[in-house]
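Asks: Turn this into a model:
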Amino acid sequence: MPLYDYRCLDCDHTWEEGHSTQAQVQECPECESAHVQRLVRRAAIHAKGIDAHAGDGRRASAEQLRAKWAEETPKLRKKLLAKYGEKALKAMPTLNHDYGD
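Replies: Numbers count the residues shown, from 1 in each chain. Presented below is the predicted three-dimensional model:
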């Protein structure tokens, strides 16, 4: 059952309530006002690129991590090259090593 945050528009009381997605809160538990607002505390994040986990979720084998590194390193290197130039990249040894082996 999902948890939702609410705020009363009359008394400014905030609370958390668990219920189905279709159910609506009827009134404030403090002042019993019907003027309540559901709050959005945080949005869902869709990780892409280097931020995305290798393997299944957070658990990845060494092979999956190597494959993720081999996939993302050239993309990162290209972005850094465009922004900072070849001289700056030579100072970053991890971007100059082939981890695909």
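
Asks: list the helices and strands the helix or strand encompassing A67 packs on?
Replies: In this structure, A67 sits in helix 62-84 according to DSSP states H and E. When contacts are defined as 3 or more C-beta pairs under 8 Å, 6 or more residues apart in numbering; DSSP states H and E, helix 62-84 packs onto helix 86-90. Quick note: C-beta positions are derived from backbone N, CA and C, even for glycine.

Asks: Poorly predicted segments of the protein, please.
Replies: The chain contains residues with pLDDT under 70 at 1, 41-58, 93-101.

Asks: What is the neighbour count of P2?
Replies: Residues near P2, counting by other C-beta atoms under 10 Å, number 8.

Asks: For it, list the residues it contacts.
Replies: Listed by C-beta atoms under 8 Å, 6 or more residues apart in numbering, the contact set of P2 reads G18, H19, S20, T21.

Asks: hmm, 7 Å instead?
Replies: Applying C-beta atoms under 7 Å, 6 or more residues apart in numbering to P2 gives the contacts G18, T21.

Asks: Only C-alpha atoms, please: export stretch 67-80 in PDB.
Replies: Taking C-alpha atoms only, stretch 67-80 is exported to PDB below (Å, rounded to 0.1, in the frame of the first residue of the first chain):
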ATOM      1  CA  ALA A  67      30.800  -4.700 -19.400                       C
ATOM      2  CA  LYS A  68      29.100  -1.600 -18.000                       C
ATOM      3  CA  TRP A  69      32.500   0.100 -17.700                       C
ATOM      4  CA  ALA A  70      33.500  -0.800 -21.200                       C
ATOM      5  CA  GLU A  71      30.100   0.500 -22.500                       C
ATOM      6  CA  GLU A  72      30.200   3.800 -20.700                       C
ATOM      7  CA  THR A  73      33.900   4.800 -20.700                       C
ATOM      8  CA  PRO A  74      34.000   5.700 -24.400                       C
ATOM      9  CA  LYS A  75      30.900   7.900 -24.000                       C
ATOM     10  CA  LEU A  76      32.400   9.700 -21.000                       C
ATOM     11  CA  ARG A  77      35.700  10.000 -22.700                       C
ATOM     12  CA  LYS A  78      34.100  11.600 -25.800                       C
ATOM     13  CA  LYS A  79      32.200  14.100 -23.600                       C
ATOM     14  CA  LEU A  80      35.300  15.000 -21.600                       C
END
